[in-house]
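Colleague: got a sequence here, can you model it:
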Amino acid sequence: MTDLLIIADPTLMAERQGWLAALAEERRLSGNTLDAYERDTRQFLAFLTQHLAAPARLKDIGDLRPADLRGFLAARRRDGAGARTLGRGLAGLRSFLRHLERKGLANAAGVSAVRSPKQPKSLPKPLSDRQAIAVVDAHEQLAEEPWIRLRNAAVLTLLYGCGLRISEALSLTPADFSGAPTALRITGKGDKTRIVPLVAPALAGVEDYIKLCPFPLAEDKPLFRGARGGPLQPAIIQREMQKLRGALGLPDSATPHALRHSFATHLLAGGGDLRTIQELLGHASLSTTQVYTGVDSARLLEIYDRAHPRA
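Modeller: Numbers count the residues shown, from 1 in each chain. Model (predicted):
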């Protein structure tokens with residue numbers, strides 16, 4: 001759908017670029033969200049240009065009908081896009097058209113009349129306590145170099161012990177750990193800052209890694225380094241986790257992000273309240289955190305079915 005060299009006329013493309021810049025500067029959306037909105041609107045303009053047999057113009061955007069948008073969603077569905085992808089794409093289009101509407105260049109009524117695709121309810125898949133502890137154990141790491149084994153264990157422990165996203169863990173610097181802190185200041189999605197407790201095993205893991213790391217670690221530079229000394233990339237940790245899955249007999253759902261789910265699920269099972277877990281995870285909405293209630297209920301039902309004499 002996006003193989004066209006020209007997907008819209010220059011005026012419309014300039015307005016789209018201005019909208020994306022406004023999202024980055026004013027709303028401070030994350031890079032991943034901006035990339036997704038750029039891709040979704042590019043695909044829509046390419047669809048519209050094919051549909052019209054001419055580069056899409058601002059007037060065409062102003063004349064959009066709900067049927068045009070449903071046609072785009074149907075085309076994306078035929079290409080294999082799921083409900084979540086379609087819902088995000090529609091959210092991006094709504095945002096773009098409202099931006100144009102505020103400038104008097106379009107009417108957003110058409111896109112507002114289209115319902116978002118119904119989202120499937122998918123529960124996070126946490127690891128068990130034993131599985132999570134095995135994954136973060138330095139002795140279970142599979143790298144040949146001792147310092148890399150300690151590095152991998154330290155990163156994974158931060159994901160499970162502090163509930164960090166992998167991008168958050170890899171953005172930490174040595175300065176964040178100076179003076180044996182008991183908490184970390186984390187900048188997450190949308191540049192939102194939160195404070196998370198630094199559990200003793202996570203601090204010890206980082207200190208062990210620092211002792212053996214063969215590269216100079218400047219206080220304000222990334223703490224975790226790749227084999228050649230550059231900043232450690234998420235793909236490396238994802239690859240190491242894939243190896244651990246095979247070695248420990250874990251399911252495919254055991255990813256680095258699953259450790260963050262496990263952090264929240266195990267806190268909830270231990271009596272933690274949702275509001276506190278929301279703050280620790282850096283979720284903007286409590287509804288996102290409430291998904292973990294479903295996980296815990298599912299686990300209780302599983303235990304009941306397996307163990308209760310009346311099950």
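
Colleague: from now on I want contacts and neighbour counts done on CA atoms only, so please keep to that.
Modeller: Fine.

Colleague: what about the stretch 51-200 of the chain, any weak spots by pLDDT?
Modeller: 119-124 (pLDDT under 70).

Colleague: what segments of it are helices?
Modeller: 58-62, 66-78, 83-102, 109-112, 129-136, 146-162, 166-170, 200-212 (DSSP state H, counting those that start in this stretch).

Colleague: looking at those helices, which is closest to Gln278?
Modeller: When these are compared by CA to CA, helix 146-162 sits nearest Gln278, at 12.6 Å.

Colleague: what's that closest one packed up against?
Modeller: In terms of contacts (3 or more CA pairs under 8 Å, 6 or more residues apart in numbering; DSSP states H and E), helix 146-162 is packed against helix 129-136, helix 166-170, helix 200-212, helix 256-269.

Colleague: picking up where we left off before, which of the helices of the stretch 51-200 of the chain is buried the deepest?
Modeller: Across these, averaging neighbours per residue (mean count of other CA atoms under 10 Å) puts helix 146-162 on top, at a mean of 25.

Colleague: contacts for that helix?
Modeller: Surrounding helix 146-162, the residues in contact under the criterion CA atoms under 8 Å, 6 or more residues apart in numbering are 132, 135-139, 141-143, 164-166, 169-170, 196-199, 201-202, 205-206, 208-209, 212-214, 224, 227, 237, 240, 256-257, 259-260, 262-263, 280.

Colleague: same thing with stretch 56-70?
Modeller: With contact meaning CA under 8 Å, 6+ apart, stretch 56-70 is reached by 7-9, 11-12, 45, 48-49, 97, 105-107, 110-111, 113-114.

Colleague: make a ChimeraX selection of the buried ones in those.
Modeller: Selection of the buried residues among the contacts of stretch 56-70 in ChimeraX, burial being defined by 16 or more other CA atoms under 10 Å:
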select :7,8,12,45,48,49,97,105,106,107,110,111
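
Colleague: tell me the one of the contacts of stretch 56-70 nearest Glu25?
Modeller: Proximity of those to Glu25 (CA to CA) peaks at Leu97, which lies at 18.2 Å.

Colleague: residues contacting that closest one?
Modeller: Shown in contact with Leu97 (CA under 8 Å, 6+ apart): 61, 106-108, 111.

Colleague: for Asn32, phi and psi?
Modeller: phi -70, psi -40 (degrees, to the nearest 10).

Colleague: could you dump the helices and strands packed on helix 146-162 to CSV with distance to Ala91?
Modeller: Shown next, in CSV, are these (distance: least, CA to CA, whole Å):
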stretch, distance to Ala91
helix 129-136, 35
helix 166-170, 24
helix 200-212, 38
helix 256-269, 24
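
Colleague: which of the ones you listed sits closest to Ala218?
Modeller: Nearest to Ala218 among these is helix 200-212 (11.4 Å), distances taken as CA to CA.
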